[in-house]
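**Q** Predicted model and sequence follow; I will ask about them next.
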Amino acid sequence: MNAIMNFPDTDKYARVIKASKIVHWEIEPDVIKGRTFDLTKKYLPDGLSLVPEMSTLSDAEKRLVSQIQGRTYANIFGLVERFITAKLLDVGRDHTLGDQNALEALVRFSDEEIKHQMLFRRIESMMSTAMPAGYRFDVDPDMVARAVLSKSTWAVLMLTLHIELFVQNHYRQSIEPDDQLSELFKDVFLYHWKDESQHVVLDQLELKRHDPTLTPEQRDSAVDDFIALVAAVDGILRMQAKADMAYFVATCGRPVGTGERATLEAQILKAYRWQYIFSGATHPRFQMILGSMITEPQGKRIAAALATLQ
Ligand SMILES: [Fe+2]
Ligand SMILES: [Fe+2]
């Protein structure tokens with residue numbers, strides 16, 4: 001009997017490998033294709049940037065806010081993918097002498113995330129050429145990754161699943177249907193989504209494999225870690241909403257009063273919390289998977305922590 005039959009999920013990993021090979025793409029010939037960023041188009045769609053709620057802004061200013069948020073969107077992915085790659089390489093070690101399909105699927109996952117980080121660095125440099133000077137994104141990916149990876153594997157895998165699930169929704173529900181967006185920005189997230197559709201399957205397989213190895217006490221502590229990670233994400237979002245608001249004020253070409261500035265900063269923070277926290281936390285598949293692994297009091301603890309961010 002073939003030894004591979006001893007690995008119950010090996011067919012699922014094999015299907016991920018097959019899909020990953022079919023969608024394989026390269027940054028320059030498939031995504032960039034010699035194009036540059038067009039400042040006459042929006043980058044992030046309204047359903048994510050929430051600019052329609054920013055009633056004091058002109059259409060041109062709303063477009064500028066969507067471009068600033070789009071640039072931050074690419075930078076945030078570049079940031080989170082640093083710890084995601086490190087953690088998935090780490091859990092992939094469990095398969096080195098076992099299921100070779102699982103090993104190959106996770107090696108491909110890491111390779112793709114490294115490519116995504118290169119893509120996001122590439123478009124950050126292109127956006128810095130196209131957009132006015134002064135944009136800041138001062139969060140160091142390695143420093144964040146070190147802090148995240150100090151938490152339990154369960155919490156990091158749960159946060160990763162949450163991120164990779166909201167990527168699916170953002171693309172399918174907001175980016176793909178919007179015909180007003182920069183074609184280049186849209187393609188960046190089309191190709192990113194093609195890989196992330198496989199990653200989300202692997203996140204679930206690894207989480208499902210890891211979860212039963214924990215004692216109830218370890219899982220309870222991992223729930224606290226998960227809450228701490230979400231709070232840390234929120235800290236980054238608060239800082240970036242402030243930085244992005246300062247960039248908008250410096251580049252929009254008109255004075256922005258203190259009251260309007262405070263309102264706009266709160267609206268940008270609301271958009272960032274929607275993009276990076278709530279669109280994932282409310283995702284039905286995330287709720288189903290998380291709910292299947294935790295107790296009711298643990299679920300209430302998470303819900304209470306999320307409620308403080310609204
Ligand atoms: Fe990615
Ligand atoms: Fe991914």
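**A** Alright, I've got the coordinates. For clarity, every value in this text was computed on a predicted model and none was experimentally measured. Numbers count the residues shown, from 1 in each chain. Ligands and ions are numbered 1, 2, ... in the order given.
**Q** thought residue 12 was touching residue 204?
**A** No: the pair residue 12 / residue 204 is not scored as a contact, 9.1 Å apart, by Cβ atoms under 8 Å. (Glycine included, C-beta is placed from N, CA and C.)
**Q** and the residue of the chain at minimum distance from ligand 2, how many neighbours?
**A** Evaluated by Cβ to the ion, the chain has residue 199 as its residue closest to ligand 2, separated by 3.5 Å. Look at residue 199: counted by other Cβ atoms under 10 Å, it has 28 neighbours.
**Q** Tell me which helix or strand it sits in.
**A** Assigned by DSSP states H and E, residue 199 belongs to helix 183-210.
**Q** any idea how far that helix is from the chain center?
**A** Taking Cα atoms, centre = their mean, to the nearest Å, the mean C-alpha location of helix 183-210 is offset from the chain mean by 10 Å.
**Q** so for that helix, what's the average pLDDT?
**A** For helix 183-210, the mean pLDDT works out to 97.
**Q** Same check on stretch 227-234?
**A** Averaging pLDDT along stretch 227-234 yields 97.
**Q** likewise stretch 13-23?
**A** Mean pLDDT, stretch 13-23: 98.
**Q** List, one by one, the residues from this protein near ligand 2.
**A** The chain has residues 196, 199 near ligand 2, with proximity defined as Cβ under 5 Å from the ion.
**Q** And the helices in the chain?
**A** 10-23, 46-49, 59-92, 100-130, 141-149, 153-169, 183-210, 216-251, 258-273, 279-281, 284-293, 296-307 (DSSP state H).
**Q** buried residues in the second one?
**A** What that stands for is helix 46-49. By 16 or more other Cβ atoms under 10 Å, the buried positions in helix 46-49 come out as 46-49.
**Q** Over to the longest one?
**A** Buried residues in helix 216-251, counted by 16+ other Cβ under 10 Å: 219, 221-230, 233-234, 236-237, 240-241, 243-245, 247-248.
**Q** what's the answer for the third one, then?
**A** Residues of helix 59-92 classed as buried: 61-88, 91-92 (neighbour count, 16+ other Cβ under 10 Å).
**Q** now the angle between helix 141-149 and that helix, please.
**A** Computed by axes from the mean of the first three to the mean of the last three Cα atoms, to 10 degrees, the angle separating helix 59-92 from helix 141-149 equals 60 degrees.
**Q** what is the rounded mean pLDDT of helix 59-92?
**A** Mean pLDDT, helix 59-92: 97.
**Q** distance between it and the chain's centre?
**A** Taking Cα atoms, centre = their mean, one finds the center of helix 59-92 at 6 Å from the center of the full chain.
**Q** for that helix, packing partners?
**A** Under the contact criterion of 3 or more Cβ pairs under 8 Å, 6 or more residues apart in numbering; DSSP states H and E, helix 59-92 touches helix 46-49, helix 100-130, helix 141-149, helix 153-169, helix 183-210, helix 216-251, helix 258-273.
**Q** Output those helices as CSV; include the columns distance to residue 304.
**A** Output for these, formatted as CSV (distance: least, Cβ to Cβ, whole Å):
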stretch, distance to residue 304
helix 46-49, 26
helix 100-130, 32
helix 141-149, 22
helix 153-169, 17
helix 183-210, 23
helix 216-251, 9
helix 258-273, 16
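**Q** picking up where we left off before, against which helices or strands is the helix holding residue 199 packed?
**A** So helix 183-210, by 3+ Cβ pairs under 8 Å, 6+ apart, packs with helix 10-23, helix 59-92, helix 100-130, helix 153-169, helix 284-293.
**Q** Residue 265: which of those helices is closest?
**A** Closest to residue 265 of the helices and strands packed on helix 183-210 is helix 59-92 (Cβ to Cβ; 11.3 Å).
**Q** what angle sits between the closest one and helix 216-251?
**A** Note on geometry: by the same axes, to 10 degrees, helix 59-92 and helix 216-251 are set 150 degrees apart in direction.
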